[in-house]
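In: what's the 3D shape of this:
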Amino acid sequence: RVVPAGVFAILTNFQTFKNNTLVFSPDEGTTWKLFGSPADQALNGVYDFEQAGAALYVCSKGGIFRSDDQGKSWQRIVEPPADQRSYYNLVVDGTQLFVLTLEGC
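Out: Residues are numbered from 1 along each chain as shown. Reported below is the predicted structural model:
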């Protein structure tokens with residue numbers, strides 16, 4: 001995904017990184033670096049990523065998290081769905097973030 005902060009991808013089956021890892025490319029996809037610390041709860045099991053205004057958002061196994069400092073720290077803003085079959089999807093319109101709760105795979 002290309003956002004104002006740069007080029008990001010979520011890797012789901014890659015030998016160098018573990019599954020559902022958020023990576024960042026500082027050079028438009030030529031090289032990739034791990035984004036943040038693997039110990040960070042916000043980045044454990046990432047499955048969606050967006051930027052709205054200056055804030056970064058991730059959906060992960062732990063819920064929805066927001067970073068106002070380009071990913072140095074994260075604050076949970078939404079708990080994970082109670083139904084384990086449900087998941088969140090992020091949609092951005094300018095500086096507004098919308099959260100959809102979906103059910104199933």
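
In: Gln96 and Leu34: what is the separation?
Out: Gln96 is 29 Å from Leu34, where distance means C-beta to C-beta, to the nearest Å. The way it works is simple: take the backbone N, C-alpha and C, and place the C-beta from them, glycine included.

In: Who are the contact partners of Pro26?
Out: Residues near Pro26 by C-beta atoms under 8 Å, 6 or more residues apart in numbering: 6, 33.

In: By mean pLDDT, flag the weakest helix or strand of the protein.
Out: None of the helices or strands of the chain scores lower by mean pLDDT, DSSP states H and E than strand 6-11, at a mean of 77.

In: And it, what's buried?
Out: Judged by neighbour count (16 or more other C-beta atoms under 10 Å), strand 6-11 contains these buried residues: 7-11.

In: wait, isn't Ala9 in contact with Val2?
Out: No - between Ala9 and Val2 there is no contact, the gap being 10.0 Å when judged by C-beta atoms under 8 Å.
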